[in-house]
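Enquirer: the following block contains a protein sequence and its predicted model.
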Amino acid sequence: MRRLPVPIASIILLDDGGTRFVKEVWAGDIPLAEIDMAIWDVSMGIAGRCARTGKPQLIADVAADPDYVMGNPTVRSEYVVPIRHRGRLHGVLNIESTGDEFFTAQTCAVFDAIAHQVAGAIHLARVVAELEAANRKLRELSLVDGLTGLANRRCLDERLADACADGQGPLAFLLIDADCFKQLNDALGHLHGDECLRRLARLCAGTATGDDGLAARYGGDELALLLPGRDVAAALAIAERLRRRVEEAAMAHPVSVVAPWVTVSIGVHVLPPGPARTPSRLLAGADRALYAAKLAGRNRVAEAPPSRTLAVDARA
Ligand SMILES: Nc1nc2c(ncn2[C@@H]2O[C@H](COP(=O)(O)OP(=O)(O)OP(=O)(O)O)[C@@H](O)[C@H]2O)c(=O)[nH]1
């Protein structure tokens, strides 16, 4: 662009729908008037006419063309070429001259060729940008649980592995399981069960304190909280707070053996840093703790250190 022997050369890009110009880059020897619109419709200007018709526009005398939008008063002629790659119109190449005779068949053929080259480059850049965006979206989707919007098991596994390897402080893991969920599904239907799971997920997400905490769907009616830096006392307190919040939400459960509303049991396991801290040990400990909480009557928080099982009575 910079080396083109013309007073003004610009590339004006179209949006994805091809109905509006969204970006203009230009270079040249004479200044172009400030265009105060960052986005403008293809119904405007000679560039718009070029985009609408898909055909090059050669204007020998800009003053005689009603569509011409003046960028500099010394401009006399203009040539606007579509920038198109494999049928997709990306924008237009706009060349303006201060002479009357500048645009011959030969110079126009050169600009046609330049527009063709530019089209290939823009096409590649757009394909790369679209691929990158699609990859980001795919990566996002591959880490999110579709029902609850929480991190999914794959994401949890990744974060768990990283957190276990991190030598900084204790690592707490909470397994949260809805009580008598099968009966709730059987009594009120799976759609109602789904909505309860979503509400439980929101409560968990609101409890994942700190930037590095993670709320995830472990699987089925089991949710999980990964809480780096939390010792046993802090993890038990967070678990108990969550258990209470679930009760306070008062989601009706007419067939639970625990209470007339939805309750959860929570297993808590905390490991100090070191080689013995592995995801499988952390999961197994939280699973044992959850089992203990269920066995002790549900609607409670339990911790399961290797040597003993400590159940914290939820209603104490
Ligand atoms: N609505 C709904 N139900 C689910 C989903 N995933 C798993 N479930 C149900 O969750 C229930 C879990 O049942 P169980 O493992 O027997 O546990 P429970 O009935 O909660 O019993 P306890 O845990 O012992 O209190 C099953 O009926 C599953 O079908 C889901 O995405 N949506």
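Expert: That came through, no problem.
Enquirer: spell out which residues of the stretch 151-300 of the chain are next to the ligand.
Expert: 177-182, 185, 190, 193-194, 197, 220-221, 294, 298 (Cβ under 6 Å from any ligand atom). (C-beta placed from N, C-alpha, C; glycine too.)
Enquirer: can you do 8 Å?
Expert: 177-186, 190-194, 196-197, 219-221, 258, 265, 294, 298 (Cβ under 8 Å from any ligand atom).
Enquirer: mind checking which of those residues land in strands?
Expert: 177-178, 219, 265 (DSSP state E).
Enquirer: buried subset of those as a ChimeraX selection?
Expert: Buried residues within these, by 16 or more other Cβ atoms under 10 Å, are selected in ChimeraX with:
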select :177,178,265
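Enquirer: phi, psi for A302 please.
Expert: When read as degrees, to the nearest 10, the backbone of A302 gives phi -140, psi 150.
Enquirer: can you tell me how far it sits from I8?
Expert: Distance, A302 to I8, by Cβ to Cβ, to the nearest Å: 75 Å.
Enquirer: contact partners for V262?
Expert: 178-179, 184, 196, 200, 246, 249, 251-253, 256 (Cβ atoms under 8 Å, 6 or more residues apart in numbering).
Enquirer: so for L160, what's the nearest residue that isn't a sequence neighbour?
Expert: With sequence-adjacent residues excluded and distances taken as Cβ to Cβ, 6 or more residues apart in numbering, L160 is closest to P279, at 4.4 Å.
Enquirer: which residues sit in contact with that neighbour?
Expert: Applying Cβ under 8 Å, 6+ apart, the residues near P279 are 157, 160-161, 164.
Enquirer: filter these to the buried ones?
Expert: 160, 164.
Enquirer: in TSV, list the contacts of P279 along with secondary structure.
Expert: As requested, the contacts of P279 are exported to TSV (DSSP: H, G, I helix; E, B strand; the rest coil):
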residue	secondary structure
D157	helix
L160	helix
A161	helix
C164	helix
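Enquirer: one step back: between A302 and I8, which is the more surrounded one?
Expert: A302 (27 against 22; other Cβ atoms under 10 Å).
Enquirer: tell me the bridge partners for the more buried one.
Expert: G267, A311 (DSSP bridges).
Enquirer: pull out the buried residues from the one helix or strand A27 maps to.
Expert: Element membership for A27, per DSSP states H and E: strand 20-28. Across strand 20-28, burial judged by 16+ other Cβ under 10 Å covers 20-21, 24, 26, 28.
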